[in-house]
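# Coordinates only, no sequence provided:
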């Protein structure tokens, strides 16, 4: 029989050794993150950026290069695992863990325990940046609600007033449709609605960018593309049929037909159909359908095309966009920038905006992340945005992003974008197909209700236009408020449960 005291002594010795090992590992991790972060910060800084604006982002990027899952699990036994929620406070979290490990061993930590204000400084910064970009939040919920306005709203101020009363915080005007007179009327009605309810509602105007769409289409009446079918894209000629290819479409940007190569993928209408290029000849490309939704898909005009394998070399700022900037500057609080992928794209926009008279209040900028290159360059985009001095945010454009990187990866990628933006104190907009069934048909699906609840982790949630969008605003207003009681970003807040 082992003596109870000797067993206890062995357990105490093992625990002392484990605490010492954990302290050494966390300190080594902290030192690596600080050193690697310093080097990364130097590479991202460009004239005019305050280093401390990017410091936590750099620490987070460096931390996530290491697999800390085993370390995190070992810390949990001591009540110390908060590493899974450190996006906005990397070094303060590591310093707090080191202080606790030191105290448990009767030691003094080499790093001071952060104060409460220091520990939550990142959260405060994100809140301030969100208010600067999107306007003030509501007393009962943190997240803002953005609504895409239909063109008819230009002649129906009561429709906009109803949305405002139900909880709309941001009105989105899509400059891919209608024109300056319509946009100005919608913005005017939004301002008037805000005055009536005594709450400022901000306006985002989304410039179109080089959206690749189908134009004129020919196909047999009622025919649908199914797996194995061939269809043709043509550049600078009318679409036509042949005996073996009964589907054909012209494209809005003819040069894409010249840049695709055999084997390249194409996704149509937000991924409802996927095809692969079989052959390319002068002015046209032949594709074969590889995946399609059940029942097939009709080839229609004005549907989006995504080419994830093709280097298109397109500028995100088109001649139309440059022509629309005067209306944006005159009517909007924020500009939505489509297809931004590189820091140089922000410089291009800044130069175009600089050709117009300056505003008293700086126009905000929302970068729409919808391409793999934009995801890879997100830290550099954030760094460059800081040099511009504009209110800045990121829209997770899940429709185009899914079509570019594949549906199986979009859920993972939207999480990573949320984490990265939180680390940089950059507000995010959760967009595309939120409550889509409800907006279009008046009845939400169970899956989209769960998706909308998860959207509460973003600073803003976007609804598209549709017949029942007003009902969707009401539901989302309640849902976001309820979720705020349970979770802040990735952190459960542990409100008392009353269901049991």
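Now that the structure is in, tell me what you want to look at. No experiment lies behind these values; they were computed from the predicted model shown.
# which other residues reach the host helix or strand of residue 452?
Using DSSP states H and E, residue 452 maps to helix 446-454. Where contact means C-beta atoms under 8 Å, 6 or more residues apart in numbering, the residues beyond helix 446-454 that reach it are 433, 434, 435, 436, 437, 438, 444, 461, 475, 476, 479, 483. The C-beta positions use only the backbone N, C-alpha and C, and glycine is treated the same way.
# Residue 432: what's it in contact with?
Counted by C-beta under 8 Å, 6+ apart, residue 432 has contacts 396, 397, 398, 399, 400, 402, 462, 464.
# mind putting the residues you listed in JSON lines, distance to residue 350, pLDDT and secondary structure included?
Converted to JSON lines, the contacts of residue 432 look like this (distance: C-beta to C-beta, whole Å; pLDDT from 0 to 100; DSSP: H, G, I helix; E, B strand; the rest coil):
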{"residue": "396", "distance to residue 350": "23", "pLDDT": "95", "secondary structure": "strand"}
{"residue": "397", "distance to residue 350": "21", "pLDDT": "90", "secondary structure": "strand"}
{"residue": "398", "distance to residue 350": "27", "pLDDT": "88", "secondary structure": "helix"}
{"residue": "399", "distance to residue 350": "27", "pLDDT": "82", "secondary structure": "helix"}
{"residue": "400", "distance to residue 350": "23", "pLDDT": "82", "secondary structure": "helix"}
{"residue": "402", "distance to residue 350": "29", "pLDDT": "80", "secondary structure": "helix"}
{"residue": "462", "distance to residue 350": "24", "pLDDT": "97", "secondary structure": "strand"}
{"residue": "464", "distance to residue 350": "29", "pLDDT": "95", "secondary structure": "coil"}
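# Closest to residue 187 out of those residues?
Nearest to residue 187 among these: residue 462, at 17.3 Å, using C-beta to C-beta.
# related to what we said a few turns ago, out of the contacts of helix 446-454, list just those in helices.
Secondary structure assignment (DSSP state H) places 436, 437, 438, 475, 476, 479, 483 from those within helices.
# What is the burial count for the third one?
What that stands for is residue 438. Look at residue 438: counted by other C-beta atoms under 10 Å, it has 22 neighbours.
# please begin residue numbering at 137 from this point
Fine by me, first position is 137 from now on; the one you just mentioned is residue 574.
# number of nearby residues for the residue nearest to it when sequence neighbours are not counted?
Among residues not flanking residue 574 along the chain, residue 580 sits closest, at 3.9 Å (C-beta to C-beta, 6 or more residues apart in numbering). A count of neighbours around residue 580, defined by other C-beta under 10 Å, yields 20.
# My read is that residue 580 contacts residue 611, right?
Yes: contact between residue 580 and residue 611 holds when scored by C-beta atoms under 8 Å: they sit 7.2 Å apart.
# what do the two both touch?
Counting by C-beta under 8 Å, 6+ apart, the shared contacts of residue 580 and residue 611 are 571, 574, 588.
# how near is the last one to residue 606?
For residue 588, the distance to residue 606 (C-beta to C-beta, to the nearest Å) stands at 16 Å.
# Show me which of these two is the more surrounded one.
Summary of the neighbour comparison: residue 588 and residue 606, criterion other C-beta under 10 Å, with residue 588 having more neighbours (22 against 19).
# pLDDT value on the more buried one, please?
Looking at residue 588, its pLDDT is 93.
# Same check on the one 4 residues further on?
What the model reports as pLDDT for residue 592 is 95.
# Then residue 186?
66.
# Report the central residue of this structure.
Taking C-alpha atoms, centre = their mean as the criterion, residue 532 is the residue nearest the geometric centre of the chain, at 1.9 Å.
# who's in contact with that residue?
Each residue near residue 532 by C-beta under 8 Å, 6+ apart is listed here: 505, 550, 553, 554, 564, 565, 566, 567, 568, 594.
# my guess is residue 463 meets residue 341, correct?
Yes: counting by C-beta under 8 Å, residue 463 does reach residue 341; the two are 7.3 Å apart.
# The two: who's more crowded?
More neighbours sit around residue 341 than around the other of residue 463 and residue 341, counting by other C-beta under 10 Å; the figures are 25 against 20.
# For the stretch 487-636 of the chain, which segments count as helices?
Secondary structure of the stretch 487-636 of the chain, counting by DSSP state H, counting those that start in this stretch: helices at 508-512, 514-524, 534-541, 543-559, 572-577, 582-590, 605-620.
# quick one, which of these is packed in tightest?
helix 534-541 (a mean of 23; mean count of other C-beta atoms under 10 Å).
# From the contact counts, what lies against that helix?
strand 441-442, helix 508-512, helix 543-559, strand 564-567 (3 or more C-beta pairs under 8 Å, 6 or more residues apart in numbering; DSSP states H and E).
# Could you save these as TSV and add columns showing distance to residue 209?
Listed next are the helices and strands packed on helix 534-541 as TSV, based on distance: least, C-beta to C-beta, whole Å:
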stretch	distance to residue 209
strand 441-442	40
helix 508-512	29
helix 543-559	20
strand 564-567	29
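# Please tabulate these in a markdown table and include mean pLDDT as additional columns.
As requested, the helices and strands packed on helix 534-541 are arranged in a markdown table below (pLDDT from 0 to 100):
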| stretch | mean pLDDT |
| --- | --- |
| strand 441-442 | 91 |
| helix 508-512 | 90 |
| helix 543-559 | 92 |
| strand 564-567 | 96 |
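# Any idea which of these gets closest to residue 264?
helix 543-559 (13.8 Å).
# now the angle between helix 514-524 and that closest one, please.
Here helix 543-559 runs at 40 degrees with respect to helix 514-524, directions being taken by axes from the mean of the first three to the mean of the last three C-alpha atoms, to 10 degrees.
# elements contacting helix 543-559?
Against helix 543-559 (3+ C-beta pairs under 8 Å, 6+ apart) you get helix 187-199, helix 257-270, helix 508-512, helix 514-524, strand 528-533, helix 534-541, strand 564-567.
# circling back: for residue 158, state which of the contacts of residue 568 is nearest.
If you rank those by distance to residue 158 using C-beta to C-beta, residue 532 comes first, at 35.9 Å.
# if I pick the spatially closest residue to residue 371 that is not a sequence neighbour, what's in contact with it?
In space, not counting the residues next to it along the chain, residue 371 is nearest to residue 390; the distance is 3.7 Å by C-beta to C-beta, 6+ apart. If you count contacts by C-beta under 8 Å, 6+ apart, residue 390 has them with 371, 372, 419.
# on that earlier part again, what sits in contact with each of residue 463 and residue 341?
When contacts are counted by C-beta under 8 Å, 6+ apart, residue 463 and residue 341 are jointly contacted by 311, 319.
# From residue 563, how far out is residue 301?
The value you get for residue 301 to residue 563, if C-beta to C-beta is used, is 24 Å.
# neighbour count winner among these two?
Just comparing residue 301 and residue 563: by other C-beta under 10 Å the higher neighbour count belongs to residue 563, 27 against 15.
# The stretch 237-386 of the chain: helices as residue ranges?
252-255, 257-270, 293-302, 316-333.
# what's the closest of the ones in helices among the contacts of helix 582-590 to residue 270?
Distance to residue 270 across those (C-beta to C-beta) is lowest for residue 612, with 15.1 Å.
# How about residue 432: what's its closest non-neighbour residue?
In space, not counting the residues next to it along the chain, residue 432 is nearest to residue 360; the distance is 3.1 Å by C-beta to C-beta, 6+ apart.
# count of neighbours near that neighbour?
Residues lying near residue 360 (other C-beta under 10 Å) number 16.
# That one: what's it in contact with?
Contacts were defined as C-beta under 8 Å, 6+ apart; by that measure residue 360 touches 431, 432, 433, 434.
# Check the gap between it and residue 381 for me.
15 Å.
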